[in-house]
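Undergrad: how would this look folded up:
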Amino acid sequence: MRRFLTEALSLLASLAISTSAFAQGGPTPAASTPDLSGIWARVVDPASRPFYLYAFQAAEPAMTPWGEARYKETKPSHGARAVALEESNDPVFAACNPPGVPRVYLHPFPFQIANVPGREILILYEYDHLVRHVYTDGRAHDTRSAPTWMGDSTGRWEGDTLVVDTINFNDMTWIDRRGLPHGEELHVVERFRRVDQNTLDVSITVEDPQAYTKPWSTQLRYTLRPPEWRILELACEDDASFLQLERLTAQPRN
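TA: Okay, here's the model as predicted:
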């Protein structure tokens, strides 16, 4: 626990695993499909450093009346409206619920990209050992199942960019750690592009007409970790792993 607490607080977020082979899923992948495999840890832009642990951007996106009402109900432990952790109704720390997408990227731990050729891409997050299945075999979204915490994801290639399209979320997660809400119409598009051997850009667009007046986007950057590194076990049920980190990183109240 001491290791990941230290690295999270020092803004490195650099725990990693050995890489695995990655190729495009789906029928007849092109020979030029980029290799995105490996463990990626976030690189923090100095401009976003004051809020990188709890928000994607300093300004709040324009909300609908429904979104504003839901936002006022949240009691986050970060941001301008921060309360003491014990008073927070954050669905992650109050109930051990999954953080959802895109909030999972705001927790300072790495993720792995791996591939099941011809079927799917796996995104394995160290945070709470979450796994996302991004189906690249041409199937449509599964709209028959009940809404889920992490949504239903399909993927496709646009040149050198992996485009991940995710819908079918429940409305029980927050967009970020300051309490931005969303409804079940949430639609998230992530675009993964390897800038160079050691750099991955992830562009995220959030669309939810129930909560926001227009779509909004953010961009994150990640660096490849050495092959000998690996994902560690991190479980919400381990209070020391989650709540101690929150207490150390929580926004001080005025």
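
Undergrad: For the protein, which residues score under the pLDDT cut-off?
TA: Within the chain, the segments meeting pLDDT under 70 span 1-32, 238-254.

Undergrad: Which parts of it are strands?
TA: Assignment of strands within the chain using DSSP state E yields the ranges 38-43, 111-116, 120-125, 131-135, 152-158, 161-167, 187-196, 199-207, 216-224.

Undergrad: would a markdown table of those with distance to Leu85 and mean neighbour count be doable?
TA: From N, CA and C alone the C-beta is placed, and that goes for glycine too. What follows is the strands of the chain, written out as a markdown table (distance: least, CB to CB, whole Å; neighbours: other CB atoms under 10 Å):
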| stretch | distance to Leu85 | mean neighbour count |
| --- | --- | --- |
| strand 38-43 | 23 | 24 |
| strand 111-116 | 25 | 22 |
| strand 120-125 | 22 | 21 |
| strand 131-135 | 27 | 18 |
| strand 152-158 | 31 | 18 |
| strand 161-167 | 29 | 20 |
| strand 187-196 | 27 | 17 |
| strand 199-207 | 26 | 18 |
| strand 216-224 | 25 | 18 |
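
Undergrad: Any idea which of those gets closest to Ala146?
TA: Taking CB to CB as the measure, those were each checked against Ala146, and strand 152-158 came out nearest at 10.6 Å.

Undergrad: Note down every partner strand of that closest one and its orientation.
TA: Using DSSP bridges, the neighbouring strands of strand 152-158 in the sheet come out as strand 131-135 (parallel), strand 161-167 (antiparallel).

Undergrad: how much distance is there from that strand to the middle of the chain?
TA: Its chain's C-alpha centre and that of strand 152-158 lie 16 Å apart, by CA atoms, centre = their mean, to the nearest Å.

Undergrad: Report the angle between that strand and strand 187-196.
TA: Orientation note: strand 152-158 sits at an angle of 40 degrees relative to strand 187-196 (axes from the mean of the first three to the mean of the last three CA atoms, to 10 degrees).

Undergrad: before we move on, the earlier item: can you redo the strands of the chain as JSON lines with distance to Ala69?
TA: Written out in JSON lines, the entries for the strands of the chain read as follows (distance: least, CB to CB, whole Å):
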{"stretch": "strand 38-43", "distance to Ala69": "32"}
{"stretch": "strand 111-116", "distance to Ala69": "33"}
{"stretch": "strand 120-125", "distance to Ala69": "31"}
{"stretch": "strand 131-135", "distance to Ala69": "30"}
{"stretch": "strand 152-158", "distance to Ala69": "27"}
{"stretch": "strand 161-167", "distance to Ala69": "23"}
{"stretch": "strand 187-196", "distance to Ala69": "21"}
{"stretch": "strand 199-207", "distance to Ala69": "18"}
{"stretch": "strand 216-224", "distance to Ala69": "19"}
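
Undergrad: Which of the ones you listed sits closest to Ala95?
TA: Taking CB to CB as the measure, the strands of the chain were each checked against Ala95, and strand 120-125 came out nearest at 18.5 Å.

Undergrad: In the stretch 1-150 of the chain, what residue spans correspond to helices?
TA: Defined through DSSP state H, counting those that start in this stretch, the helices belonging to the stretch 1-150 of the chain, from first to last, are 2-9, 65-73, 91-95.

Undergrad: list the buried ones in the shortest one?
TA: Read it as helix 91-95. Of the residues in helix 91-95, those buried by neighbour count under the rule 16 or more other CB atoms under 10 Å are Pro91, Val92, Phe93.

Undergrad: Return it as CSV; C-alpha atoms alone will do.
TA: Once non-C-alpha atoms are left out, helix 91-95 reads as follows in CSV (Å, rounded to 0.1, in the frame of the first residue of the first chain):
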residue,chain,number,x,y,z
PRO,A,91,-20.8,6.5,-5.0
VAL,A,92,-17.3,5.1,-5.2
PHE,A,93,-16.1,5.8,-1.6
ALA,A,94,-19.5,5.7,0.1
ALA,A,95,-20.6,2.4,-1.4
